[in-house]
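# Quick one, what's the 3D model for this:
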Amino acid sequence: MIIKNECTKPPRGLLTQVRRSLTWIGPLDLDGINFVRLMDVIEEPRVDSPDWHKRAKSEGACVTGLYLRQQGNSPVHIILYVNGLYRGVPLIYRRTVVQTLNICHTLAHEVAHHLVARRGYVFQPNEIFPHTENEEEFCNRYAFGVTKKMMKHWYYRLGMWALKDLARWHYVFGCLDWKDRRFKEAAEHFYTAFHLDPNHDDALYWYRRAKDEGNA
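Residues are numbered from 1 along each chain as shown. Below is the predicted model:
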């Protein structure tokens, strides 16, 4: 798999982390993806970019990845947005399996979108995607399945514990900011907690609450 690094100041070990993540995804599932492109932040949306991409750019949201189908001379590829992927991860963890888990989860999610585009389903041919939310759910399940395989190794289990621990710390900081009515700061911490631990539903709930209060 070709990796195109277009980051201005890529974190040390980034390419190694991406290559390591790719090894956890089946080669048949990667078939048809021409390359993985590494960028700092989300770029200007294309004509065929999904609505969430356009909203994310206009709202300045944190985005970690994007799957793009072929359009004109632009082939099928996946973009990883490095600033978003490394959000909330301290330097001490950035060259460890902690960051590999972070990258692999996003990469696997985008590969699942590729499977839908290529063959019409993620797991079984009888899957139907009348709404984007349904597809996102299946892509999340695929990403979970990939990271679940990684949990067979103790060092990845330790890395997952570290991710959840970081998420808990950001959640606590968000609660303290909420208590002091620093809603924008609270929203940042809550969102980071959810980014590090997508199963942290409380962080997502309070992120939305803090964001609404901050915009009030």
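# When you work out contacts or count neighbours from here on, use the C-alpha atoms and nothing else.
Noted.
# Surely residue 191 is within a strand?
No - counting by DSSP: H, G, I helix; E, B strand; the rest coil, residue 191 is located in no strand; its state is helix.
# residues touching it, list them.
When contacts are counted by C-alpha atoms under 8 Å, 6 or more residues apart in numbering, residue 191 touches 203, 204, 207.
# Export those to TSV and append columns for secondary structure and neighbour count.
Converted to TSV, the contacts of residue 191 look like this (DSSP: H, G, I helix; E, B strand; the rest coil; neighbours: other C-alpha atoms under 10 Å):
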residue	secondary structure	neighbour count
203	helix	27
204	helix	21
207	helix	26
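# can you list those residues in TSV and add pLDDT and distance to residue 112?
Below are the contacts of residue 191 laid out as TSV (pLDDT from 0 to 100; distance: C-alpha to C-alpha, whole Å):
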residue	pLDDT	distance to residue 112
203	91	25
204	88	23
207	90	27
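# ok, those residues vs residue 137, which is closest?
residue 204 (16.0 Å; C-alpha to C-alpha).
# returning to that earlier point: present the contacts of residue 191 as a markdown table; the columns should include distance to residue 44.
Shown next, in a markdown table, are the contacts of residue 191 (distance: C-alpha to C-alpha, whole Å):
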| residue | distance to residue 44 |
| --- | --- |
| 203 | 29 |
| 204 | 26 |
| 207 | 25 |
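# most centrally placed residue in the protein?
Geometric centre of the chain, nearest residue: residue 106, 3.7 Å, by C-alpha atoms, centre = their mean.
# Excluding chain neighbours, what is closest to it?
residue 65 (6.2 Å; C-alpha to C-alpha, 6 or more residues apart in numbering).
# Quick check: phi and psi at the one you found.
phi -160, psi 160 (degrees, to the nearest 10).
# Tell me which residues touch it, please.
For residue 65, the contacting residues are 78, 79, 80, 81, 106, 107, 110, by C-alpha under 8 Å, 6+ apart.
# Could you measure from the fourth one over to residue 169?
Read that as residue 81. Noted for residue 81: a distance of 24 Å to residue 169, by C-alpha to C-alpha, to the nearest Å.
# Which strand residues bridge the residue nearest to residue 106?
Residue 65 has these beta-bridge partners by DSSP bridges: residue 80.
# Can you pull out the low-pLDDT segments for the chain?
By pLDDT under 70, the low-scoring segments of the chain are 45-50, 52-61, 128-133, 216.
# cutoff 80 now
42-62, 71-72, 125-133, 214-216 (pLDDT under 80).
# Check it for its longest helix and report it.
helix 154-179 (DSSP state H).
# by contact count, what packs against that one?
Using 3 or more C-alpha pairs under 8 Å, 6 or more residues apart in numbering; DSSP states H and E, the elements in contact with helix 154-179 are helix 97-119, helix 183-196.
# quick one: which of those helices is nearest residue 20?
Closest approach to residue 20 among the helices and strands packed on helix 154-179 (C-alpha to C-alpha): helix 97-119, 7.2 Å.
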